[in-house]
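Enquirer: Structure of the sequence below:
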Amino acid sequence: MAILDFKLRFRLSFIANVTGFTNRTDSCGGDPVGGVAHHPVRFAPPARKGGLWRSLGIALVVMGQGVVFSPGAIARTTPNPNVTVERLERVWEGQYEEHFDRDLEATVHTPGTISATLRRARVQTGRRSAVLYAMPEPYGLELRLVTEDGEVVTEMVPAANDKAIPPVVQQLRQSITNPLERKVGSDRYLIPAQQLYQWMMAPVAQALEDADIDVVIFCMGESLRAVPFAALHDGQQFLVEKYAVAQIPGFSLFDARHRSLKDEQVLAMGASEFQSQVPLPGVPVELETILGLGNAGSGAAEPWEGASFLNSQFTLKALQEEHQTGDFGIIHLATHAEFRSGKSDQSYIQLWSEQLTLDRLIALDWTDPKVELLVLSACQTAVGDSEAEMGFAGLAVNSGVRSALASLWVVSDRGTLALMGEFYRQLKSTPTRVDALRETQLAMLRGEVAVEGDRITRGPRGGTIVLPQILRANGRESLSHPYYWSAFSMIGNPW
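Expert: The predicted model follows:
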């Protein structure tokens, strides 16, 4: 806590934060607010809902006028030059440290160091990446795009303020996950999907095209951390049809080193039966499919080496002991998990007979031996809750793994089994982990992966996955709807 207290005091001195205001008497530039904008004022960081500054109880007072106002009330038609990448990184680092209640030991990056990392990743993987920062403010959405050349593309969207964005995100989530709309073939989700695209992607679309980008890495502020980015739509196609998409809590908050997963072993654990939660009947086949065990399928790609633990074998003791052997670079947990409102001790991963709360993940020390990828195949995130969203977006940094694959909502058993089976197949051949996810999502979107009665078909090279009796369908079931494939996000290192 001493380190945290020091960092908070340091940030109090770092008043020139994302709003660009200073803790001194000065004159206010910009458009007038209530006729007092040009009077001498004393500025301090704004109180942000769910953020670091609200916890410090800091406010703005106009000197000599007795007026309290938010800097967001200042009308803007151009980007705020003080919303810099460095300042966003510092503020978000503070927010995640507050949420996880510990020091994250981050080194703040500049556009120059970010660009250098992106160039190294291209040399190692052949994929060109860009980082898109988005900060919703009362006056609009601040966008900052960093590519390999080190220049920062700066945009501001006035209509997309911090009040306008949350209901559109909620509408998108609700429309995609509504079973009745899915049953009647409704595409109502395209309305919010296209609106979010226009706000977030359209302003930087030309810059992405000019830089020949393959991978977009989203670094989001509050209310945008639980968006199914792959499902954003430009009016012609989904975003995933253009780019592989990943998410990070901050560039300073993930391990950017590249390592291929092709030769890693998988620790595959899960539960199909629970005392107080709905069963997951597809889990036994999911584990068998990943490791090529039993009669799960035929004609599939080379199975992964590893070990499987199901139901009563799926304990915290087994998880700790197997990890400590150092044999497993990938940990796959096929079980319920939930990112809830409140601190990280309110969110959990369900083991066989106990819940592993997220605040206890750090004690597992998945940095030694290093876990490259953590997969949670049946988790959900509370929509519209800033702390739940931070738990989701910060999963990789909190658990100590290099990357995490997790879902925003619980997908059907058949849909999850299809996606996971295809993802591990793609992971053997694609240049990066996020490309494996994208190829999986595209295969489902295009109908190449689908349910055919008693099995899941995966195209001419993917073979089939035989479904247990309880999951068999009547005829063909398409998995092209974004409900099945857009819930899953690659969090942390995308390479």
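Enquirer: what's the helix or strand for L374?
Expert: strand 373-381 (DSSP states H and E).
Enquirer: Taking strand 373-381 as reference, get the angle to the helix or strand following that strand.
Expert: Going down the chain from strand 373-381, the next helix or strand is helix 386-393, by DSSP H and E. Angle of helix 386-393 versus strand 373-381, following axes from the mean of the first three to the mean of the last three CA atoms, to 10 degrees, is 160 degrees.
Enquirer: and helix 386-393, C-alpha only, in CSV?
Expert: Below are the C-alpha coordinates for helix 386-393, written out as CSV (Å, rounded to 0.1, in the frame of the first residue of the first chain):
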residue,chain,number,x,y,z
SER,A,386,-17.2,0.1,-15.3
GLU,A,387,-15.6,-2.2,-12.7
ALA,A,388,-16.8,-5.4,-14.4
GLU,A,389,-15.4,-4.0,-17.7
MET,A,390,-12.1,-3.3,-16.0
GLY,A,391,-11.9,-6.8,-14.7
PHE,A,392,-12.5,-8.2,-18.2
ALA,A,393,-10.1,-5.8,-20.0
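Enquirer: rewinding a little: now the strand holding L374, how far from the chain's geometric center?
Expert: Relative to its chain's centre, strand 373-381 lies at 11 Å (CA atoms, centre = their mean, to the nearest Å).
Enquirer: Just checking: what are the partner strands of it?
Expert: Next to strand 373-381 in the sheet, as set by DSSP bridges, lie strand 330-339 (parallel), strand 403-407 (parallel).
Enquirer: how's this structure carved up into domains?
Expert: Per the record, the chain has its domains at 2-75, 111-253, 266-492, by automatic domain parsing.
Enquirer: Looking at the shortest one now, give me its mean pLDDT.
Expert: For domain 2-75, the mean per-residue pLDDT is 35.
Enquirer: And the helices in the stretch 301-450 of the chain?
Expert: Taking DSSP state H, counting those that start in this stretch as the test, the helices found in the stretch 301-450 of the chain are 316-324, 386-393, 395-399, 413-427, 433-445.
Enquirer: Out of those, the one nearest V227 is which?
Expert: Using CB to CB as the measure, helix 386-393 is the one of the helices of the stretch 301-450 of the chain that comes nearest V227, at 9.1 Å. For every residue, glycine as well, the C-beta is placed using N, CA and C.
Enquirer: before we move on, back to that, which of the domains of the chain has the lowest average pLDDT?
Expert: Among the domains of the chain, domain 2-75 carries the lowest mean pLDDT (a mean of 35).
Enquirer: picking that back up, Serialize the strands paired with strand 373-381 to JSON lines and add fields for distance to E448 and mean neighbour count.
Expert: Shown next, in JSON lines, are these (distance: least, CB to CB, whole Å; neighbours: other CB atoms under 10 Å):
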{"stretch": "strand 330-339", "distance to E448": "23", "mean neighbour count": "24"}
{"stretch": "strand 403-407", "distance to E448": "20", "mean neighbour count": "25"}
